[in-house]
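S.K.: Need the 3D shape of this:
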Amino acid sequence: MGFPVVAVVGVMLQAQLLATLPRIPLPTAAPGVARASVHQNTVPAGRAVGGKWRLELDVVESAWKPEGDNDPEVPILAFAERGRAPLVPGPLLRVPRGTRMQVSLRNRSDSALVIGGLRPGVRLTDDTVQLAAGATREVEFTLTAVGTYFYWGVFAGTTLDDRLWKDTQLNGAVVVDAPGASTRDHILLLSEWFLPYDENRPFEVVSVINGKGWPHTHTIELSQNDSTRFRVINTIPLYHPLHLHGFYYRIESQGTGSKDTPVPRAKQHLSNTDLISPNHTVTFSFLPSTPGNWLFHCHFAFHADETVTLAGSPRDSTAAAQLAASHLAHGANGDAGKAVDHSMRGLVVGIRVSPKPGYQAASIANAREVRLLVQSQPNRLITGATAYGFVLQRGESVPARDSVVLPGPVLELKRNQPVRIVVRNNLSEPTSIHWHGLEIESFPDGVPHWSGLGSNVYSQIAPNDSFVAAFTPPRSGTYPYHSHLNDRHQINSGLYGALIVTDTPRDLTRDHVIVVGGGGPELLKKNESPFALVNGRRTPAPLRLTVGQKHRLRIVAIHPDWRISLTMQNDSTIARWRALAKDGADLPVALQTLRPAHIEMGPGQTHDFEFTPMVPGTWVMHVRSVETGWYIPLTVNVGPTLGSTK
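M.R.: Have a look, this model is predicted:
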């Protein structure tokens, strides 16, 4: 199904209207309030009193700098241990199972509040404390449910999903440890400060991990081959596709905020990108086997770029007037999609893995060479926008500079065979390519000004320059490759593709690739692009399958803005397929089961399924954004076996 031109024009006009007003000064904290400090959830709060663990928490008016020292400071309510500075996130509550808790809550703000989440395992309706302005309440309970949770506060009469800016940082981690369990882990709490405007003015938002947004987040220091555990708490009422560069992890438990459910060992599959639901938790462990600089970040581009920073907002009315004049001079939406001054922001954490003594990078001798060109083609996309894409150079013949392939050509690599991918940037702007999910050295991983080891740090690929990504893929599987610079603009313009590692050449009559990615520009910097492509088209060519034969369907989700849904059905009947792999890694036998042919995915995820059609006919793979946005049907034609007379 194509996009109606009238609808597209309407969207563009609405975008222009919404972008007409410039930024204005942010709210400021009241004079004399305490400044909130940030911390990494390493020191538990409270003290032992008479065989109980006593925690005294105040809610106080605070001023908070969610980014750098020279970036804006905003007003919030924050939790503080009584007599101490307020903290973002709130003080860590971490105790062994069976601990008898005694908690004193005092509301020093001028608003009535509701505090919840202190008693994991208890129904939400039974786990809240009403706290009037100026009031103090004492609660006592026993913590018996092992796991990862969080406590929270909201304005009375609202819910967790209603929080906007003032009460959004009323969150604190709760960890209940099994007796004798290791406490060597990293607790990462995701939160967001969100300020909407009633008029046609873009909202202001900053997204943070443990109180800071990248590049000001705390860098996690690890040692090579020293297993580690992350406990991730999502207090934001949004989904996040969280991606770990360089390594696979195993999810050990998943929580709803009030209940944390362990994953049986037999079902702990390897993964590198997973969706975490709003107000949920996830605990996973991994082995940092390769030294260097790595990232753990949200893979929605607008949760990790300039969308989620307060930097650049005017400090006062004079600065606002100057910004408004510049806004009028350069156009209301003049910055949307531009590559200038692009940098990662928001929900990003750096990981630095120090090498073991004597470490040497793997040899790439006798590497096969692949020449991959990054190019553009004007007027290729639906709005008349320029498409960005990849082209493989075969032999000495150089492709035309305005030729692109959407999606990028499938890169076919052989397991354990070294490869040198020479990436030539023929764009007029810098770019960078990330080989998503591959277990490779840090330097070619593709994060500008971060990937590398020691002083050998990768920068970016300048216009008319080249970069050699040299590595040896160790695992057969399905992976995306994509831009990792100005991601929303470049991926929405087509700079992505599928990379497949195999032991032997694929049988292309039975092995099929479905790539779902961006299909047009973001019309507003802070809103999702309404465009998508399936296998490079809004009306994709049908898949052709043969009855009675096993077919492998490799699905790559790489739209930077959307969760996507895929459902294969024939009229009202949903097909059944067998799950084979996720994120390039084979699933354990316990998960390789037949199931309805439906999957929801976030950007960066891949899934492999086996489908055996039993009768000729036509199926439709319904590909759509999970939220209202776009829909593209992919026809799946099942023909008779060759030589059949039926």
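
S.K.: In contact with Val263, which residues?
M.R.: Applying Cβ atoms under 8 Å, 6 or more residues apart in numbering, one finds that Val263 lies in contact with 251-254. The C-beta positions use only the backbone N, C-alpha and C, and glycine is treated the same way.

S.K.: And the strands in the stretch 101-250 of the chain, which stretches?
M.R.: If DSSP state E, counting those that start in this stretch is used as the criterion, the strands of the stretch 101-250 of the chain fall at 113-116, 128-131, 136-143, 147-155, 171-177, 186-195, 204-209, 220-223, 228-234, 240-244, 249-255.

S.K.: out of the ones you listed, which comes closest to Ala469?
M.R.: Minimum separation from Ala469 across the strands of the stretch 101-250 of the chain (Cβ to Cβ) falls at strand 240-244, 18.2 Å.

S.K.: Adjacent strands (with direction) for the closest one?
M.R.: Here strand 240-244 is paired, per DSSP bridges, with strand 273-276 (antiparallel), strand 292-298 (antiparallel).

S.K.: Wait, Gln268 touches Tyr248, no?
M.R.: No: taking Cβ atoms under 8 Å as the definition, Gln268 is not a contact partner of Tyr248, at 10.8 Å.

S.K.: In contact with Asn366, which residues?
M.R.: Applying Cβ under 8 Å, 6+ apart to Asn366 gives the contacts Pro418.

S.K.: From Val419, how far out is it?
M.R.: 10 Å (Cβ to Cβ, to the nearest Å).

S.K.: And for Arg537?
M.R.: 29 Å.

S.K.: Those two: which is more packed in?
M.R.: Set Arg537 next to Val419 and count neighbours by other Cβ atoms under 10 Å: Val419 wins out with 19 against 14.

S.K.: which residues does the more buried one bridge with?
M.R.: On the basis of DSSP bridges, Val419 is bridged to Arg368, Phe471.

S.K.: so who does it touch?
M.R.: 364, 367-370, 413, 470-473.

S.K.: Please repeat the previous calculation with a cut-off of 7 Å.
M.R.: Contacts for Val419 (Cβ atoms under 7 Å, 6 or more residues apart in numbering) come out as 367-368, 370, 413, 471.

S.K.: quick one: the longest strand along the chain to chain centroid distance?
M.R.: Ordering each strand of the chain by length in residues (DSSP state E) puts strand 52-64 first. In terms of Cα atoms, centre = their mean, to the nearest Å, the centre of strand 52-64 is set 31 Å apart from its chain centre.

S.K.: With stretch 489-506 instead?
M.R.: 19 Å.

S.K.: again with stretch 443-451
M.R.: The answer for stretch 443-451 is 18 Å, by Cα atoms, centre = their mean.

S.K.: what do you get for stretch 368-388?
M.R.: Distance of stretch 368-388 from the chain centroid (Cα atoms, centre = their mean) equals 25 Å.

S.K.: Which parts of the chain belong to which domain?
M.R.: The chain breaks down into these domains under automatic domain parsing: 34-181, 368-639.

S.K.: Pipe those domains into CSV and attach mean pLDDT and distance to Ala301 per row.
M.R.: Converted to CSV, these look like this (pLDDT from 0 to 100; distance: least, Cβ to Cβ, whole Å):
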stretch, mean pLDDT, distance to Ala301
domain 34-181, 96, 18
domain 368-639, 96, 4
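
S.K.: can you tell which of these is closest to Gln224?
M.R.: domain 368-639 (10.6 Å).

S.K.: Straight-line length of the closest one, end to end?
M.R.: Start and end residues of domain 368-639 are separated by 37 Å (Cα to Cα, to the nearest Å).

S.K.: What of stretch 54-73?
M.R.: 32 Å.

S.K.: Buried residues, that stretch. List them.
M.R.: By neighbour count on 16 or more other Cβ atoms under 10 Å, the buried set for stretch 54-73 is 54-67, 71-73.

S.K.: ditto for stretch 387-404
M.R.: 387-391, 399, 404.

S.K.: wait, doesn't Asp58 sit right on Arg108?
M.R.: Yes: checked against Cβ atoms under 7 Å, the pair Asp58 and Arg108 is within contact range at 5.3 Å.

S.K.: Spatially, what comes nearest to Gln268 if we skip its sequence neighbours?
M.R.: Arg250 (4.1 Å; Cβ to Cβ, 6 or more residues apart in numbering).

S.K.: what's the burial count for Ser182?
M.R.: Residues near Ser182, counting by other Cβ under 10 Å, number 9.

S.K.: And the nearest residue to it once chain neighbours are set aside, what's its pLDDT?
M.R.: Nearest residue to Ser182 in three dimensions, chain neighbours excluded: Arg229, at 7.8 Å (Cβ to Cβ, 6+ apart). Looking at Arg229, its pLDDT reads 98.

S.K.: Okay then, goodbye and thanks.
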